[in-house]
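> how would this look folded up:
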Amino acid sequence: MAQVEGTSMEASAARALLVAALERAGCNAANAGALADNICIAELSGAHSHGFFRLPGYFSALKSGKVNGHARPRVSRPRPGILRIDGDGGFAPTAHRVMMEPLQEAAAEQGVIIAALANIHHFSALWIEVEALVERGFVALACTSFKPAIPPAGGTKPLFGTNPIAFGVPREGVEPMVFDQASAVMARGEVMLAARAGRSLPDGTGLGPNGSPTNDPNEVLNGALLPFGGYKGASIAMMVELLAGPLVGETLSFETAEHDNNDGGPPRGGEFILAIDPASSRGDNGFAQHAERLFVEMQAQERVRLPGTRRQRQRAESRDLITVPAETMNLLKRLIS
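Numbers count the residues shown, from 1 in each chain. Below you'll find the predicted structure:
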């Protein structure tokens, strides 16, 4: 994982800087705190494409008025197995924070819960909310869509979002297993980082605006990312479109693009979350022990590691220290002053 150069500080100090800047940019304390916590977790875990790198987009969306920095998400339960969360036009981490306690109570009571989030602006890593649910003992899955980036199988024009999926399960006495992956060969944030660093992309990552394969990240950003696994990844991307769009009462990626102001911040959209109490589904408390047999067999093979291991190791090795890049520090100081 690449080293980040800048000012090293305690995570609590970085959080305080972020909260102050976000409040000056238009958030109230609750929204600023939820977003700052999300950014700090991403940075501590080495997920830089979803940490400070997203700040200009957050600030742009607040400045344009696209996102409600004073959002007060509302939770309702129209059916025993369904929670509806209206994000009030705010950033997704605020909705996740408001949702977590009622979702935990409903899933423990019902055994399985679908959380349908609408009217949110999702710009962060999915594994963060999934990890929070898994740490509460649930098997969890989440997915969300974005603006068009991936063509359907056989096509060359973007139609689906990068449409990430995160899935996690609890483990006994160790960190949970949580993976988070785009339906594209590479997450759009990673392509943006490559463009900023002047790095070429691996073969098979994307197409230029003319539909031809290219290794130039700027061409891919103006063209299309390819789905992982060809038509199989395209089918997964299509599934996410339907789960995180029409099923939760929100827009499809191409509809999202039609209504977005293109200020660089996250568009309005939806998210689908499934939380399952494993003791309810199997009738006893043996899930984690049984699942561990699979993880042991996986890791018995040379060069195999569980998904999410690198992120967890990075967080443990960070010693709760975050490096704030000089460019980010200057941006925060300008806002605060």
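
> now the helices: where do they sit in the protein?
11-25, 29-44, 55-64, 92-110, 127-134, 188-197, 217-221, 231-244, 253-259, 278-282, 287-299, 309-317, 326-336 (DSSP state H).

> Can you spell out which helices and strands pack onto the third one?
Spelled out, that is helix 55-64. Helix 55-64 sits against helix 11-25, helix 326-336, with contacts defined as 3 or more Cβ pairs under 8 Å, 6 or more residues apart in numbering; DSSP states H and E. C-beta here means a position set from N, CA and C on the backbone, and glycine is covered the same way.

> Would you mind finding the most buried of these?
Mean neighbour counts were compared across those using mean count of other Cβ atoms under 10 Å; the top stretch is helix 11-25, at a mean of 19.

> from the chain's centre, how far out does it sit?
Once both centres are worked out by Cα atoms, centre = their mean, to the nearest Å, helix 11-25 turns out to sit 20 Å from its chain's centre.

> relative to helix 29-44, how tilted is that helix?
Going by axes from the mean of the first three to the mean of the last three Cα atoms, to 10 degrees, helix 11-25 is angled at 130 degrees with respect to helix 29-44.

> Taking helix 55-64 as reference, get the angle to helix 11-25.
Between the axis of helix 11-25 and that of helix 55-64 there is an angle of 30 degrees, by the same axes, to 10 degrees.

> Just give the nearest non-adjacent residue to Phe228, would you?
Val185 (5.1 Å; Cβ to Cβ, 6 or more residues apart in numbering).

> That neighbour: neighbour count?
Counted with other Cβ atoms under 10 Å, residues neighbouring Val185 total 22.

> Distance check, the nearest residue to Ser76 once chain neighbours are set aside against Val130.
Here the nearest residue to Ser76 in space, its sequence neighbours aside, is Arg84; by Cβ to Cβ, 6+ apart that works out to 4.9 Å. Here Arg84 is placed at a distance of 19 Å from Val130 (Cβ to Cβ, to the nearest Å).

> Of those two, which one has the most company?
With neighbours defined as other Cβ under 10 Å, Arg84 and Val130 compare such that Val130 has more, 27 against 18.

> what's the spacing between the more buried one and Met329?
As judged by Cβ to Cβ, Val130 and Met329 stand 30 Å apart.

> The residue lying closest to His70 once chain neighbours are set aside: neighbouring residues, count only.
With sequence-adjacent residues excluded and distances taken as Cβ to Cβ, 6+ apart, His70 is closest to Asn28, at 4.7 Å. By the other Cβ under 10 Å criterion, the neighbourhood of Asn28 contains 16 residues.

> Also the one 5 residues further on?
Counted with other Cβ under 10 Å, the neighbours of Gly33 add up to 19.

> Perfect, I'm done here.
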